[in-house]
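J.: Sequence first, predicted coordinates after that:
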Amino acid sequence: MRVLEEGVVRSVSKGGAEVVMSRGDSSACASCGLCNKSKDLRVMTLDGGAFPSLAAGNHVRIAIELPSPYIAAWLMFAQPLALLVAGILIGMKLGGALFGPNLKGIASIACALLLVALNYLVVSWLDRHFFSVRRARAKIVDVIA
């Protein structure tokens with residue numbers, strides 16, 4: 001998801017620009033966490049390297065790339081549900097063959113819970129090591145004036 005905002009450059013230093021954002025009513029604004037919010041201002045520090053002529057007082061347009069909510073929905077709801085069903089089916093097959101027909105139900109529940117627990121461990125490890133760099137990012141896309 002992409003959100004476009006506008007702001008005014010407050011200061012520029014070595015390729016970085018401090019931008020005061022105009023007050024927006026965007027629903028995604030509250031959740032991105034890129035601004036240093038105060039009571040009346042939203043200030044964002046951005047890389048201004050693509051615009052070497054950037055100066056204090058310039059009006060700029062900023063694009064904020066937010067991560068897709070569909071990936072989170074898949075990882076937190078659909079994938080565990082699919083693994084729960086797969087675990088039950090695998091447990092029914094393996095439980096019947098390994099433990100006999102009397103323990104087939106217990107084996108299927110144990111296998112399903114094991115797969116869901118492994119899923120959460122893998123997803124949390126991936127989130128800490130790989131997905132943390134895919135948080136919201138902002139960049140200056142245009143100098144308006």
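T.: On my side now, so go ahead.
J.: In the protein, which helix is the longest?
T.: Among the segments of the chain that qualify as a helix by DSSP state H, the longest is helix 104-129.
J.: Give the next helix or strand downstream of that helix.
T.: Going down the chain from helix 104-129, the next helix or strand is strand 137-143, by DSSP states H and E.
J.: Just list what that following strand packs against, helices and strands only.
T.: Packing partners of strand 137-143 (3 or more C-beta pairs under 8 Å, 6 or more residues apart in numbering; DSSP states H and E): strand 42-47, strand 59-65. C-beta coordinates here come from the backbone N, C-alpha and C atoms, glycine included.
J.: now the shortest one and strand 59-65, what's the angle there?
T.: Right, the one you point to is strand 42-47. 80 degrees (axes from the mean of the first three to the mean of the last three C-alpha atoms, to 10 degrees).
J.: Can you mark which positions in strand 42-47 are buried?
T.: Buried residues in strand 42-47, counted by 16 or more other C-beta atoms under 10 Å: 42, 44, 45, 46.
J.: Low-confidence ranges, the protein, go.
T.: 1, 15, 22-41, 48-50, 131-136 (pLDDT under 70).
J.: got the domain boundaries for it?
T.: What the record gives for the chain is the domain set 2-68+134-143, 69-132, from automatic domain parsing.
J.: Can you check which strand is longest in the protein?
T.: The residue-count maximum for a strand in the chain (DSSP state E) belongs to strand 2-13.
J.: Neighbouring strands of the helix or strand that comes right after that strand in the sheet, and parallel or not?
T.: Next along the chain after strand 2-13, taking DSSP H and E as the criterion, comes strand 16-21. In the sheet, strand 16-21 lines up against strand 2-13 (antiparallel), strand 42-47 (antiparallel) (DSSP bridges).
J.: How far off centre is the longest one?
T.: Strand 2-13 has its C-alpha centroid displaced from the chain centroid by 22 Å (C-alpha atoms, centre = their mean, to the nearest Å).
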